[in-house]
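Novice: coordinates for the following, if possible.
(2 chains)
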Protein chains: 2
Amino acid sequence: MNSFIYDIPVKVYFGENQLQHLGKELSKFGKRVLLTYGGGSIKKTGLYDTVMSEIEKNGLEVFELSGIEPNPRIESVRKGVRICKDEKIDVLLAVGGGSTLDATKFMAAGACVEHDPWEFLSENWAPIEKALPVITVLTLAATGSEMDAGGVISNPETQDKIGRLAPPMLPKVSFLDPTLTYTVSPYQTACGAADMMSHIMEVYFNMEQDLYMLDCFMEGMMRTIIKYAPIAMREPKNYEARANLMWTSSWAINGFVNGGKRQAWSCHPMEHELSAIYDITHGLGLAILTPRWMEYCLDESTVSKYVQFGVNVFGIDERQEPMVIARQSIEKLSEFLFGTLGLKRTFTEVGIRAEDFPVMARKACGNGVLPGFKPLAQEDIERIFEMCQ
Amino acid sequence: MNSFIYDIPVKVYFGENQLQHLGKELSKFGKRVLLTYGGGSIKKTGLYDTVMSEIEKNGLEVFELSGIEPNPRIESVRKGVRICKDEKIDVLLAVGGGSTLDATKFMAAGACVEHDPWEFLSENWAPIEKALPVITVLTLAATGSEMDAGGVISNPETQDKIGRLAPPMLPKVSFLDPTLTYTVSPYQTACGAADMMSHIMEVYFNMEQDLYMLDCFMEGMMRTIIKYAPIAMREPKNYEARANLMWTSSWAINGFVNGGKRQAWSCHPMEHELSAIYDITHGLGLAILTPRWMEYCLDESTVSKYVQFGVNVFGIDERQEPMVIARQSIEKLSEFLFGTLGLKRTFTEVGIRAEDFPVMARKACGNGVLPGFKPLAQEDIERIFEMCQ
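Specialist: I've put the predicted structure just below:
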């Protein structure tokens, strides 16, 4: 069992009407605020007005950057960095889902250096030693960006989509109001649920010895997603469902359940290559990949983890043979993703072409081996892609 | 469902050999350290030498206060406050179990005011607006003081034992090395397990609507305690068992699982009156009280929570009548506490006399009603005490 450091000093306001504290929290960091958001849905829902009124009530000066893309691009980050520098921004306020939050974190880091922010993600891997403070208002339960130090940025010129974690980018304060997700469509709710499931499964499917207590937490979160995602899809304004999904999204990936595990992730690096080229929704890509990856990795050396998953998450009868339980657990997951959540089941349905498999597979394993639950070389990944067809 | 603020910025070094980071962390807060500990067992185990060597390696100046009692007394707090003021202490380092940590927190707060530290706990309830920084090295998994902002202090003169939470007293950094609990006796391990179970049950037994996800977490922690406490008692150097108990002790009471619940605790206020007079181990008092309190509170309006507890924590067959499951769940808990953990079952066995029931009951409910899972007036509490005989 490995040692670890737990250090997640994000303050979270959880619940309805918490935005009344937004102005006060922003003011702690200064006067000049850069407000970032996506395609403008926050104007339709009235959230933009609420946020602006809180900002103005506290006498803050606000600058705006809108139009951050669903798979956020380095060009948006560059725009944000420019505003931070030109306008001497004190604090960034990201209002949106994971994409807006991710892009804003890199703006905050980029504002503290002279070089182009892509240097943080390119092969140069420039150090991220500081960042301007970031406050977030979350409108989509999925990526967990509201409580972690990471983000993923796309560069269409190089067809790269690269993620990075750096403690200075951790939000100082996040506002999680489940009612702000009432307008999230059933489809996006489903994609968010698939993303959260994957965050947990990337850690849970692991043969390193670690804390039983954390496995219990992960199983509890997976049961929470399985229970509440369909309710939120059917009844978009069900507070209980939205609240459970929202708090789960944060805890699925803030690092807590990882404990001392060192194992790298598998499905996320594979998925990043899909959405780098095809710009599909991250959670959808993960949903298609995950059951096939499970199938590919199942053997005598890994079967015990599938059994634990099947019994504790899906309630499969534990008196059966391990391999039988393992196969049933993959079926149950597929039923959940493609049946209950109604997500598309194959690459073909979302337009991903076999001719791109070799290049995507090669990039996913960085020309070598993708370490993880099972080490995957290019040909393994191509095989998994073929299973997704 | 109520709103809440999550804000637990404690940095935790978890695992073996993490003390090598102690000097660096202390140095962040200054040069002058007050080291606090209990009866001196840390000298026997060699922990004292390890800590001192880390302190000296970093050129810090150290002052010492030893002899902090198992139910820590206000007199020890006063001594610590005096040293902090006289020696211009920058940071306090508490090495021990919950008692040492609790007392040290109040020293840190007392050092910042002119009045006597009992004013924080007496009816005056003096505000706690700041405290010197506290760093902890934990040697006993039980109270969770390493990751919460609270403490409980006894005043033998007034026969009071009073707890209080105040954010400035939250430790800055805690070192959780499971190997430091290898020397904890089976009896103290059992008392610690009973304490943790109670921390969780005080929140879990609650009829307010709250997050299912958090109920899953609590059930996972209770299963963890039930699984690993007996192992740690049998095999004191079982790292896996000690690690699971240690991390569970922190998360049982750091506020996370509470979410937005407003309900007050029941068994803790009752137990504080026992140990205020009889100086018995807190976890033992809780173990005797808890199953009787459950029995007393069971009725048609509360039975559903007992069913959830019995099925999800003890694996009781859910196809039975709710009242049957509820009674079995109380039996299972009693078996665990008095059978598996081997704790004494009655007040008589630990020397608590019936003649003290009225005064202890009156103090537990503060001359009125103890709010909680079921509101308890003096006569209710006396009845529960009688059931413990």
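
Novice: what are the phi and psi angles of A:Val95?
Specialist: Reported as degrees, to the nearest 10, the phi and psi values for A:Val95 are phi -120, psi 110.

Novice: quick check: the gap between it and A:Arg73.
Specialist: A:Val95 sits 18 Å away from A:Arg73, going by CB to CB, to the nearest Å. No exception for glycine: its C-beta is placed from N, CA and C like everyone else's.

Novice: show me which of the two is the more surrounded one.
Specialist: A count of neighbours by other CB atoms under 10 Å in any protein chain shown puts A:Val95 above the other of A:Val95 and A:Arg73, at 25 against 19.

Novice: any idea how far the more buried one is from chain B?
Specialist: According to CB to the nearest CB, to the nearest Å, A:Val95 stands 19 Å off from chain B.

Novice: list the contacts for that residue?
Specialist: Counting by CB atoms under 8 Å, 6 or more residues apart in numbering or on different chains, A:Val95 makes contact with A:Leu35, A:Thr36, A:Tyr37, A:Ile42, A:Leu47, A:Tyr48, A:Val51, A:Thr136, A:Val137, A:Thr139.

Novice: 10 Å - rerun?
Specialist: Neighbour list for A:Val95: A:22, A:35-38, A:42, A:47-48, A:50-51, A:66, A:101, A:104, A:135-139, A:175, A:180 [criterion: CB atoms under 10 Å, 6 or more residues apart in numbering or on different chains].

Novice: and chain A, what are its domains?
Specialist: A:11-180, A:186-387 (automatic domain parsing).

Novice: okay, those in CSV with distance to B:Gly315 and mean pLDDT next?
Specialist: Below are the domains of chain A laid out as CSV (distance: least, CB to CB, whole Å; pLDDT from 0 to 100):
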stretch, distance to B:Gly315, mean pLDDT
domain A:11-180, 31, 96
domain A:186-387, 11, 96
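
Novice: could you dump the ones you listed to JSON lines with distance to B:Ala166?
Specialist: JSON lines is the format used below for these (distance: least, CB to CB, whole Å):
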{"stretch": "domain A:11-180", "distance to B:Ala166": "17"}
{"stretch": "domain A:186-387", "distance to B:Ala166": "25"}
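
Novice: mind listing what A:Pro269 touches?
Specialist: Taking CB under 10 Å, 6+ apart as the criterion, A:Pro269 is in contact with A:161-163, A:202, A:363-366, A:370-372, A:376, A:381.

Novice: before we move on, back to that, closest one to B:Asn254 among the domains of chain A?
Specialist: Among the domains of chain A, the nearest to B:Asn254 by CB to CB is domain A:186-387 (11.4 Å).

Novice: how far off centre is that closest one?
Specialist: When distances are taken as CA atoms, centre = their mean, to the nearest Å, domain A:186-387 is centred 12 Å away from the chain's centroid.

Novice: also stretch A:10-28?
Specialist: 22 Å.

Novice: any of the contacts of A:Pro269 buried? List them.
Specialist: Among those, those buried by neighbour count (16 or more other CB atoms under 10 Å in any protein chain shown) are A:Lys161, A:Ile162, A:Glu202, A:Lys363, A:Ala364, A:Cys365, A:Leu370, A:Gly372, A:Leu376, A:Ile381.

Novice: next, count neighbours for A:Lys105.
Specialist: A:Lys105 has 32 neighbouring residues, counting by other CB under 10 Å.

Novice: which SS state does the residue lying farthest from the centre of chain A fall under?
Specialist: For chain A, the residue at maximal distance from the C-alpha centroid (CA atoms, centre = their mean) is A:Arg319, at 35.5 Å. Assigned with DSSP: H, G, I helix; E, B strand; the rest coil, A:Arg319 falls in the coil class.

Novice: from chain B, how far out is it?
Specialist: The spacing between A:Arg319 and chain B, counted by CB to the nearest CB, is 14 Å.

Novice: verify the stated contact: that residue with A:Ile325.
Specialist: Yes. Counting by CB atoms under 10 Å, A:Arg319 touches A:Ile325, with 9.2 Å between them.

Novice: between the two, which contacts overlap?
Specialist: Each of A:Val311 lies in contact with both A:Arg319 and A:Ile325 under the rule CB under 10 Å, 6+ apart.

Novice: point out the ones among the contacts of A:Pro269 that are inside helices.
Specialist: A:Glu202, A:Lys363, A:Ala364, A:Ile381 (DSSP state H).

Novice: wait, which of those residues is closest to chain B?
Specialist: Closest approach to chain B among the ones in helices among the contacts of A:Pro269 (CB to the nearest CB): A:Glu202, at 18.8 Å.

Novice: give me the neighbour count for the nearest residue in space to the closest one that is not next to it in sequence.
Specialist: Nearest residue to A:Glu202 in three dimensions, chain neighbours excluded: A:Trp265, at 4.1 Å (CB to CB, 6 or more residues apart in numbering or on different chains). When neighbours are counted by other CB under 10 Å, A:Trp265 registers 19.

Novice: so who does A:Trp265 touch?
Specialist: For A:Trp265, the contacting residues are A:Gly163, A:Ser198, A:His199, A:Met201, A:Glu202, A:Val203, A:Phe205, A:Glu271, A:Leu370, A:Pro371, A:Gly372, A:Phe373, by CB under 10 Å, 6+ apart.

Novice: contacts only, for A:Val311.
Specialist: Residues in contact with A:Val311 (CB under 10 Å, 6+ apart) are A:Glu219, A:Asp317, A:Glu318, A:Arg319, A:Gln320, A:Ile325, A:Gln328, A:Ser329.
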